[in-house]
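S.K.: have a look at this fold, sequence not included:
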């Protein structure tokens, strides 16, 4: 992780079918570029910290419920190492979640909206199938809509609670949502779909379509490059991405969340 990153040619939107996307953005981390102060200012910063009240962060953890054992490992680290911060549980009570599902989509959206409302950042805990979950996508969308910090932390590097081994990292869910600009200079959320192109031997291509669970215009997040009219910028090209196991998440997750919040001015 780390190193240089080039955005290359932005994904093109054709507004009849809303276009197609080539290869997804490469996986990378901002951790290497977010070091501490330079040696010449280290002492001054340490002295100043004695008089500065720590920022009180609220974190909203977004995840697929099937990953709850690994998720609990991450959340316990957040509680242990993130002094002066608050945890937003993100629907671990499955009975509450199921009852809201029975009430319909509007009830679930309200529940998520209220959960994200007073947070500093949405932290997506990515397992193997997190990117497929409709309501994880909506939680990500709320981070954009409500101008919250946004980051992905991969959790498949942690040992599975039964098999006692790690798994291959899953796709970054932020690869599948983007902000696009129309011809009038307005920004909207887009979602990436696999579309079949054949019949006897189906093949697929990726297409960007307007995100159906929130259709109003949004503001461009501070961490994203401005797309040209008719183009989109995937959220993964600007929001940071980490691996909890290999990037020492047990100690660094509080820093990651704080940095993500700072990127949007929180």
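M.R.: The structure has been received and is ready for your questions. Values in this document were obtained by computation on a predicted structure and should not be read as measured data.
S.K.: might one say that residue 128 is in contact with residue 167?
M.R.: Yes: using C-beta atoms under 8 Å, residue 128 is in contact with residue 167, at 6.4 Å. Where you see a C-beta, it was placed from the backbone N, CA and C, and this is true even at glycine.
S.K.: find the residues that touch each one of the two.
M.R.: residue 156 (C-beta atoms under 8 Å, 6 or more residues apart in numbering).
S.K.: check which helices and strands the strand or helix carrying residue 254 is in contact with.
M.R.: Using DSSP states H and E, residue 254 maps to helix 249-263. Judged by 3 or more C-beta pairs under 8 Å, 6 or more residues apart in numbering; DSSP states H and E, the packing partners of helix 249-263 are helix 68-81, strand 121-126, strand 149-154, strand 241-243.
S.K.: and residue 163, which of those is closest to it?
M.R.: helix 68-81 (11.2 Å; C-beta to C-beta).
S.K.: counting neighbours, which bits of the closest one end up buried?
M.R.: The neighbour-count check on helix 68-81 (16 or more other C-beta atoms under 10 Å) flags 68, 70-71, 73-75, 77-78 as buried.
S.K.: repeat for stretch 213-226
M.R.: 213-214, 218, 221, 223-224.
S.K.: could you do stretch 257-266 as well?
M.R.: Residues of stretch 257-266 classed as buried by neighbour count (16+ other C-beta under 10 Å): 257-261, 263-264, 266.
S.K.: pull the distance from that stretch to the chain's centre.
M.R.: Put simply, stretch 257-266 sits 13 Å off its chain's centre (C-alpha atoms, centre = their mean, to the nearest Å).
S.K.: stretch 150-165 now?
M.R.: So, by C-alpha atoms, centre = their mean, the centroid of stretch 150-165 is 16 Å from its chain's centroid.
S.K.: check stretch 194-204 too.
M.R.: 29 Å.
S.K.: ends of that stretch, how far apart?
M.R.: In stretch 194-204, first residue to last residue: 6 Å (C-alpha to C-alpha, to the nearest Å).
S.K.: now the longest strand along the chain: mean pLDDT?
M.R.: Taking DSSP state E as the criterion, the chain has its longest strand at strand 187-196. Averaging pLDDT along strand 187-196 yields 94.
S.K.: so which elements touch it?
M.R.: helix 134-145, strand 177-181, strand 204-210.
S.K.: and the angle for it with helix 134-145?
M.R.: 150 degrees (axes from the mean of the first three to the mean of the last three C-alpha atoms, to 10 degrees).
S.K.: name the residues of strand 187-196 that come out as buried.
M.R.: In strand 187-196, counting by 16+ other C-beta under 10 Å, buried: 187-192.
S.K.: now do that strand against strand 177-181, angle only.
M.R.: 120 degrees.
S.K.: export the buried residues of stretch 257-266 to JSON lines and tack on distance to residue 101?
M.R.: Converted to JSON lines, the buried residues of stretch 257-266 look like this (distance: C-beta to C-beta, whole Å):
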{"residue": "257", "distance to residue 101": "28"}
{"residue": "258", "distance to residue 101": "33"}
{"residue": "259", "distance to residue 101": "34"}
{"residue": "260", "distance to residue 101": "29"}
{"residue": "261", "distance to residue 101": "30"}
{"residue": "263", "distance to residue 101": "33"}
{"residue": "264", "distance to residue 101": "30"}
{"residue": "266", "distance to residue 101": "30"}
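S.K.: and the furthest pair within the buried residues of stretch 213-226?
M.R.: Once C-beta to C-beta is applied, the buried residues of stretch 213-226 give 213 and 223 as the farthest pair, at 21.7 Å.
S.K.: could I get the buried residues of stretch 257-266 in a markdown table, plus columns for distance to residue 241 and pLDDT?
M.R.: Output for the buried residues of stretch 257-266, formatted as a markdown table (distance: C-beta to C-beta, whole Å; pLDDT from 0 to 100):
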| residue | distance to residue 241 | pLDDT |
| --- | --- | --- |
| 257 | 13 | 91 |
| 258 | 16 | 91 |
| 259 | 12 | 94 |
| 260 | 11 | 96 |
| 261 | 16 | 94 |
| 263 | 13 | 96 |
| 264 | 16 | 97 |
| 266 | 19 | 90 |
